[in-house]
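Student: Sequence and predicted structure below; questions after.
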Amino acid sequence: MEAAGKEEISVEDEAVDKNIFKDCNKIAFYRRQKQQLSRRSTYKASLDSATTGKDSTKFRIINETTKVPLLAEIYGIEGNIFRLKINEETPLKPRYEVPDVLTSKPSTVRLISCAGDTDSLVLTDRKGDLKCHITANPFKIDLVSEEEVVMSINSLGQLYFEHLQIPLEQRATKENKEDTSADTSQEDQDDLGLWEEKFGKFVDIKVNGPASIGLDFSLHGFEQLYGIPQHADSHQLKNTSDGDAYRLYNLDVYGYKIHDKMGIYGSVPYLLAHKLGRTLGIFWLNASETLVEINTEPAVKYTVTQMGPVAAKQKVRCRTDVHWMSESGIIDVFLLTGPTPSDVFKQYSYLTGTQAMPPLFSLGYHQCRWNYEDEQDVKAVDAGFDEHDIPYDVMWLDIEHTEGKRYFTWDKKRFPNPKGMQELLRSKNRKLVVISDPHIKIDPDYSVYVKAKEQGFFVKNHEGGDFEGVCWPGLSSYLDFTNPKVREWYSGLFTFSAYQGSTDILYIWNDMNEPSVFRGPELTMQKNAIHHGNWEHRELHNIYGFYQQMATAEGLIQRSKGKERPFVLTRSFFAGSQKYGAVWTGDNTAEWSYLKISIPMLLTLSITGISFCGADVGGFIGNPEAELLVRWYQAGAYQPFFRGHATMNTKRREPWLFGEEYTRLIREAIRQRYTLLPYWYSLFYCAHVTAQPVMRPLWIEFPEELDTFGVEDGYMLGSALLVHPVTEPKASTVDVFLPGSNEVWYDSKTFAHWEGARTVKVQVALDTIPVFQRGGSIVPIKTTVGKSTGYMTDSPYGLRVALSTKDSAMGEFYLDDGHSFRYLHQKQFLHRKFSFLSGILINSCADKRGHYPSKCVVEQIFVLGLKKQPSSVTTRSSGGKDEPVAFTYCAQMSTLRLEKLSLNIGADWEVHVR
């Protein structure tokens, strides 16, 4: 290992042969479960032992073959959620239960037994519209809503639970060898990976033996499933019966393969099922390696069933079976019963939290590269944006800004005056983001390493020493972020006194936190490394990056004495990461197919709680042609996190390096982003408060329209804008599906309008971004664009009013100081509601708790779909008299334009169109 540390580390250490990653057949617990389940051992619930307490109903489940008991607990949770926990009744030692993901202990609803005997038990909450039917033999749970079974658990008999065992060598000294697995041949044990598992040159020693778990869920009437990021694959989950299962195991996969079910940087073990009339969620709270199999059985029109002497025809609905398997831990699963997509989002956020409210600057454009060379380079790039009149908010520095990849330091030759560099950015209301990875260079002269080592803050190897692995700095140890003391200490490293050269405009990027370990098994940490509490890495692998982002966000908050919102981007994530910042899709490639796949990848992140997500614009790896770069900027401008990034050894690709025409096109795309910032910010407030995603698949907004269920090339931003990025080279037209038979859609560039429930062919020149405003919506915009968001604080607003088929429209607007927690603690915010009905546009208060003085005015109102020329337009402020307003009406396009208004954004007023 020492020698390895002295070798030169390069990007090639990350750019690896895909064969170093496992497919399902190389995963021992998967092989064991598939083999065992083919033998169909059954479990029986002992319902005569059922006890109902204040929080839960408990009963035993007995394996018919081994007779070893499990303990099942069913909880009713506020907001139509059920929780099922299954654990060993008397494990040899405690099994890992995932902490810190749930925002608090969920409030339980007492379940009452409304029927039951030794063969079955029916539990319901007080409302009684949802019931849990538990069948004893074989053990099964049916979730019943309005007398219809919507979900069955263990109906396929795939409950699987490997009990912790005494290690073989200890057992050999005992006289009784009861456990059957001890008698299996050595060859079988090797193949099944019971006590050790080989992969390539690596051997995973399992001191606790096999401990995997599994359970099946049948979703009745459902064919559409979504979720379980992160995979570079379609938004709608696919059948896995003819190939690999979806794998959830956080890995550093440079230039990952697309249309693939292998796990990449993050894992959210949560999926949604949707059909006409109902949406459900299944949240499998387990942080070990997890596999998910999906099999959809299509509907059979009629099946003949024998019922007594008479054969009856019975309609059989389609059904999708989901089989979850995890390497260790316990079964802890939350059933989110909806019934609407919006309800499921609220239920999941009740458990794991909502998206953190981002600082406004972070919704602007971010400029990144591995690496900007030095302070002069930063200064020149910053000046280039101004020179070419392109707005941007954040400059980023990758690993080369440090002294030899030692985080919290600066390279003294390249960045001798980091504070001066930050002051230059501050003078233009811009920010700096720098990288901080979880590996710490082993160096007795590096204070961060020395202090962490002294306090025992690194992950340990299975022999008890500090775990050592190779990453960018060479030989490194890895901070154990699962330890609250380590997180607290790490948070303290962001104080200005500890982090020399940092200022309050410096924010953080956590990368390589899967964790990435070059030359480790699958480029990550050995599973038998030891964490705080003596837990093996295998138990909590998928939550490691979550903890680093948590500690980083907390550090930035503490740095400001609790006053300022943090910004932290992380590559690795888990359920609940939305509470701490943003996520991106990692090391993508500069190819059209990666631009295209970024849309379903971001939609999947969005519906699983992580609204603040994006993909590297232009593709991280390789050199995009100018047309691809333009199209990627156009897509990125309409996606939540908007950052250009490129790896080492690629050609420079700042927006002005491709010739004047391409510079103009990129400038226009970025300016469109800044124009829409009031809408973006309002959407993020909505995500923060109500858990509704910012970027939405069409089926979320149109849950009763079958045609939307599989759409992944177009999406909604909020409920008002439909975006269909161009993702094919040399495209002159695109086919855009516009949903809603009662809807009308307006092209935001030409103002042409279409009725919904149809696919329209749209002409697309290289300057066209197909964006449509939904009739019935009002979108707030900024009428002028500045160098950065900070320049636009007091600039005027405009309203784009798109009338519905009923000549009405609604919209919301949210404003606060854009950076502090005063919106939360002092209620310093404005939340306004706009409505247009019967020719009157009204600005009224949407939340009376909020107060925030703003000098800003609405100076422009643009109405689309006004079929008749008005005779007059007047404005009326509260208590004031009517003031006539000049207007421009275009009969051909049915548009009304009002300009040079001066209506305070935070005041009550009306505009009358007669």
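Tutor: Perfect, thanks for sending it.

Student: which residues in the stretch 601-750 of the chain form helices?
Tutor: Here the stretch 601-750 of the chain has its helices, by DSSP state H, counting those that start in this stretch, at 626-636, 660-675, 677-690, 698-701.

Student: Can you check what angle separates the second one from helix 677-690?
Tutor: Relative orientation of helix 660-675 and helix 677-690, computed by axes from the mean of the first three to the mean of the last three Cα atoms, to 10 degrees: 50 degrees.

Student: relative orientation of helix 660-675 and helix 626-636 in degrees?
Tutor: Using the same axes, to 10 degrees: helix 660-675 against helix 626-636 is 0 degrees.

Student: What average pLDDT does helix 660-675 get?
Tutor: Across helix 660-675, pLDDT averages out at 98.

Student: tell me what that helix is packed against?
Tutor: Counting contacts by 3 or more Cβ pairs under 8 Å, 6 or more residues apart in numbering; DSSP states H and E, helix 660-675 is packed against strand 365-367, helix 626-636, strand 777-782. Quick note: C-beta positions are derived from backbone N, CA and C, even for glycine.

Student: gap between that helix and the chain center?
Tutor: Centre-to-centre, helix 660-675 and its host chain are 28 Å apart (Cα atoms, centre = their mean, to the nearest Å).

Student: buried stuff in that helix?
Tutor: Going by neighbour count (16 or more other Cβ atoms under 10 Å), the buried part of helix 660-675 is 662-675.

Student: can you give me the helices in the stretch 201-350 of the chain?
Tutor: Using DSSP H, counting those that start in this stretch, helices in the stretch 201-350 of the chain cover 341-352.

Student: what about the strands in the stretch 351-500 of the chain?
Tutor: 365-367, 394-397, 431-435, 439-441, 469-471, 474-478 (DSSP state E, counting those that start in this stretch).

Student: Out of these, which gets nearest to Val122?
Tutor: Taking Cβ to Cβ, strand 474-478 is the member of the strands of the stretch 351-500 of the chain nearest to Val122, at 49.2 Å.

Student: Name every sheet partner of that closest one and say whether each one runs parallel or antiparallel.
Tutor: Sheet pairing of strand 474-478 (DSSP bridges) gives strand 439-441 (antiparallel), strand 469-471 (antiparallel).

Student: residues making contact with the first one?
Tutor: Here strand 439-441 makes contact (Cβ atoms under 8 Å, 6 or more residues apart in numbering) with 404-407, 446, 448-449, 452, 458, 469, 471-479, 512, 515-517.

Student: Separate out the buried members of those.
Tutor: Buried, going by 16+ other Cβ under 10 Å: 405-407, 446, 448-449, 452, 458, 469, 471-479, 512, 515-517, out of these.

Student: Tell me which residues touch the residue nearest the centre of the chain, please.
Tutor: For the chain, Ile610 is the residue whose C-alpha lies nearest the centre (Cα atoms, centre = their mean; 2.9 Å). Ile610 makes contacts with 229, 268, 355, 573, 577-578, 583, as judged by Cβ under 8 Å, 6+ apart.

Student: Next: Lys238.
Tutor: Lys238 neighbours (Cβ under 8 Å, 6+ apart): 261, 294.

Student: Let's see the pLDDT reported for it.
Tutor: pLDDT, Lys238: 97.

Student: do you know how far it is from Lys261?
Tutor: 8 Å (Cβ to Cβ, to the nearest Å).

Student: Check Phe737 too.
Tutor: 26 Å.

Student: the more surrounded of the two?
Tutor: Neighbour comparison, Phe737 and Lys261: the larger count goes to Lys261, with 22 against 18 (by other Cβ atoms under 10 Å).

Student: these two touch, right, that one and Leu248?
Tutor: No. Between Lys261 and Leu248 there is no contact under Cβ atoms under 8 Å: 10.0 Å.

Student: joint contacts of these two?
Tutor: Joint contacts of Lys261 and Leu248 (Cβ under 8 Å, 6+ apart) do not exist.

Student: hang on, the earlier thing: using a markdown table, lay out the strands paired with strand 474-478 together with distance to Ile141 and mean pLDDT.
Tutor: Below are the strands paired with strand 474-478 laid out as a markdown table (distance: least, Cβ to Cβ, whole Å; pLDDT from 0 to 100):
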| stretch | distance to Ile141 | mean pLDDT |
| --- | --- | --- |
| strand 439-441 | 44 | 98 |
| strand 469-471 | 43 | 98 |
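
Student: wait, isn't Leu665 in contact with Trp632?
Tutor: No. Using Cβ under 8 Å as the test, Leu665 is too far from Trp632 to be in contact (11.3 Å).

Student: Once you drop chain neighbours, what's closest to Gln869?
Tutor: Tyr889 (4.7 Å; Cβ to Cβ, 6 or more residues apart in numbering).

Student: which residues does Arg448 contact?
Tutor: Check again: residue 448 is Val, not Arg. Residues in contact with Val448 (Cβ under 8 Å, 6+ apart) are 406-408, 440, 493.

Student: Quick check: it vs Tyr746, distance?
Tutor: According to Cβ to Cβ, Val448 and Tyr746 sit 55 Å apart.
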